[in-house]
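> just coords:
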């Protein structure tokens, strides 16, 4: 008999076909045409009224825009008009088929976490979608006058590291940027769920999105301590993603004390949720520290953890390719690929429509790594002399637009990158070290069945 700990429920989902925000799950095993398997609720209501409630479907786009505008200031009205003009408001490529506008409207109409203002959260969503490069990882400083209040809320004395403005959230801030730019409706759905009184968002994925087999998928879900439900077909998985509890404290603080180039309340919730998922639910937003089994350090995410979160959020199988060889002292000893091969991996991913989050290293004069950073490569161009540049987004540079980085300078610094599986040839794909653990887990399962 198969027994897997830390997976909440191995039974099939309890599907409520009248749930207007659960269209993706409710359509499982139905006979609907494929072109109707992912639509917004107003379109689906026209196909068959029993799928949605009359209350929600009676609200037209015009009425939703009118209600949002009625509580908006001049800046927010301008953002709303900009998103509508760009076609972003109508984008409904979200997990449950709800559109950007649907989720902004829900943020406005339904209660948020105590201490957060629904209109301000809606505005933060609009700003991020209108310009994803405005998303930042920079923590807000904690004013002296509220330190006692925070200690009361958390039940702990505020450590010195909690007062630092810098953060280790570069990788999850990069994911937040990609979500806003590549999947705006899903970004808005995440924002709605994480800022709601449920303080979480449900994410539906396929086991094949995160692994090449059931055993390795089960191992990942168990070892990452996920709150997950698995259907009887062993392929459909529902995960509950949520920030750590101290993110509420940080979010409330940013709502009142945010300075220029610091994170918004929404950034706090998004980045905490993703970092919490990757660190096996061990992240602390007050200290910016984590524990967990896959990272010998107490901050950030390893390339393996990053890869897991990225596959969950974007439902795209990826390989975490490590390009630099470092010895036990962190000294660069060589590379696993030639620079041109690394470049081709990145360019192929871009060609397939996938931005590439890379981790690059800082080194001293002895080629010993003394730091690193994660950024997102979103494009490539050459100047008139044929010199190549990667177009990048950096969530820590205080610049609200992409930057150019010379390929000659960047390629040797790249330690790892999340490369789409389809961008790699069979010869490129090597066995990742963590898969040895998965192999042992597979053997255990075979012995128990």
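Yes, it's here. Everything numeric in this text was worked out from a predicted model, so none of it was measured. Numbers count the residues shown, from 1 in each chain.

> Hmm, residue 61 and residue 105 touching each other?
No. Residue 105 sits out of contact with residue 61 when judged by Cβ atoms under 8 Å, with a separation of 9.5 Å. C-betas here are computed from N, CA, C, even on glycine.

> which of the two has more neighbours?
When neighbours are counted by other Cβ atoms under 10 Å, residue 105 comes out ahead of the other of residue 105 and residue 61, with 23 against 15.

> what sits against the more buried one?
59, 64, 67, 68 (Cβ atoms under 8 Å, 6 or more residues apart in numbering).

> if you set the cut-off to 10 Å instead, what comes out?
Applying Cβ atoms under 10 Å, 6 or more residues apart in numbering, one finds that residue 105 lies in contact with 56, 59, 61, 63-65, 67-68, 98-99, 122, 188, 192.

> Is it part of a helix or strand, or is it coil?
Following DSSP: H, G, I helix; E, B strand; the rest coil, residue 105 is assigned to helix.

> How much space separates it from residue 192?
Between residue 105 and residue 192 the distance, using Cβ to Cβ, to the nearest Å, works out to 9 Å.

> who touches both of the two?
Any residue near both residue 105 and residue 192 by Cβ under 10 Å, 6+ apart counts here, and that gives 98, 122.

> Find the nearest non-adjacent residue to residue 259, please.
In space, and not counting its chain neighbours, residue 259 is closest to residue 140: 6.7 Å by Cβ to Cβ, 6 or more residues apart in numbering.

> Was I right to think the one you found contacts residue 263?
Yes. Look at residue 140 against residue 263 with Cβ atoms under 10 Å: they come within range, at 6.4 Å.

> By neighbour count, which of the contacts of residue 105 wins?
Of all the contacts of residue 105, residue 188 has the most neighbours under the rule other Cβ under 10 Å, reaching 33 neighbours.

> Tell me the confidence at that residue?
The pLDDT attached to residue 188 in the predicted structure is 98.

> element containing residue 340?
In this structure, residue 340 is located in helix 339-351 according to DSSP states H and E.

> Show me what that helix is packed up against.
Counting by 3 or more Cβ pairs under 10 Å, 6 or more residues apart in numbering; DSSP states H and E, the packing neighbours recorded for helix 339-351 are strand 318-322, strand 356-363, strand 369-382, strand 388-393, helix 407-410, strand 414-420.

> To residue 282, which of these lies closest?
Closest of the helices and strands packed on helix 339-351 to residue 282 is strand 369-382, at 19.2 Å (criterion: Cβ to Cβ).

> list residues touching both of residue 105 and residue 61?
Residues within reach of residue 105 and of residue 61 at once, by Cβ under 10 Å, 6+ apart, are residue 99.

> Residue 151 versus the residue nearest to residue 259, what's the distance?
To residue 151, residue 140 is 17 Å away according to Cβ to Cβ.

> Looking at the two, which is more packed in?
Neighbour tally, residue 140 and residue 151, criterion other Cβ under 10 Å: the higher count belongs to residue 140, 22 against 15.

> That one and residue 125, how far apart?
As defined by Cβ to Cβ, residue 140 lies at a distance of 19 Å from residue 125.

> Kindly report the same for residue 423.
In this structure, residue 423 lies at 31 Å from residue 125, with Cβ to Cβ as the measure.

> And the residue nearest the centre of the chain?
For the chain, the residue whose C-alpha lies nearest the mean C-alpha position (Cα atoms, centre = their mean) is residue 175; its distance is 4.5 Å.

> Residue 287 is in what secondary structure piece?
Element membership for residue 287, per DSSP H and E: none, as it lies in no helix or strand.

> cool, and the one 5 residues further on?
Counting by DSSP H and E, residue 292 is held by no secondary-structure element, helix or strand.

> So it sits against residue 279, correct?
Yes. Checked against Cβ under 10 Å, the pair residue 292 and residue 279 is within contact range at 4.4 Å.

> which residues in the stretch 201-350 of the chain form helices?
When assigned using DSSP state H, counting those that start in this stretch, the helices of the stretch 201-350 of the chain occupy the ranges 207-210, 214-223, 246-257, 265-278, 303-314, 339-351.

> Would you point to the one among these that's packed deepest?
Burial of the helices of the stretch 201-350 of the chain is given as mean neighbour count (mean count of other Cβ atoms under 10 Å); helix 265-278 ranks first at a mean of 28.

> now the helices for the stretch 51-200 of the chain?
54-57, 61-70, 74-85, 100-109, 118-130, 147-154, 170-182, 184-195.

> Tell me which of these lies nearest to residue 415.
Of these, the one closest to residue 415 (Cβ to Cβ) turns out to be helix 170-182, at 12.2 Å.

> and the angle from that closest one to helix 303-314?
Relative orientation of helix 170-182 versus helix 303-314 (axes from the mean of the first three to the mean of the last three Cα atoms, to 10 degrees): 20 degrees.

> Give the rounded mean pLDDT of helix 170-182.
For helix 170-182, the mean pLDDT works out to 97.

> related to what we said a few turns ago, shared neighbours of residue 292 and residue 279, anything?
Listed contacts common to residue 292 and residue 279 are 224, 225, 298, 301, 302, 305; contacts here mean Cβ under 10 Å, 6+ apart.

> give me the number of residues near the third one?
Read that as residue 298. Residue 298 has 16 neighbours, counted by other Cβ under 10 Å.

> How about the fourth one?
The local packing count at residue 301 equals 30, with neighbours defined by other Cβ under 10 Å.

> thought residue 283 was touching residue 250?
No. Contact criterion Cβ under 10 Å: residue 283 and residue 250 do not qualify, at 11.2 Å.

> what touches both of the two?
Both residue 283 and residue 250 are in contact with 243, 244, 271, 272, where contact means Cβ under 10 Å, 6+ apart.

> Taking these together, which two end up most distant?
Longest distance between any two of these is 10.6 Å, between 244 and 271; criterion Cβ to Cβ.

> Spell out which residues are contacts of both of the two.
Among the neighbours of residue 244, those also in contact with residue 271 (Cβ under 10 Å, 6+ apart) are 250, 283, 285.

> Mind putting those into CSV with pLDDT and distance to residue 370?
Formatted as CSV, the entries for the shared contacts of residue 244 and residue 271 read as follows, by pLDDT from 0 to 100; distance: Cβ to Cβ, whole Å:
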residue, pLDDT, distance to residue 370
250, 93, 28
283, 96, 24
285, 94, 26
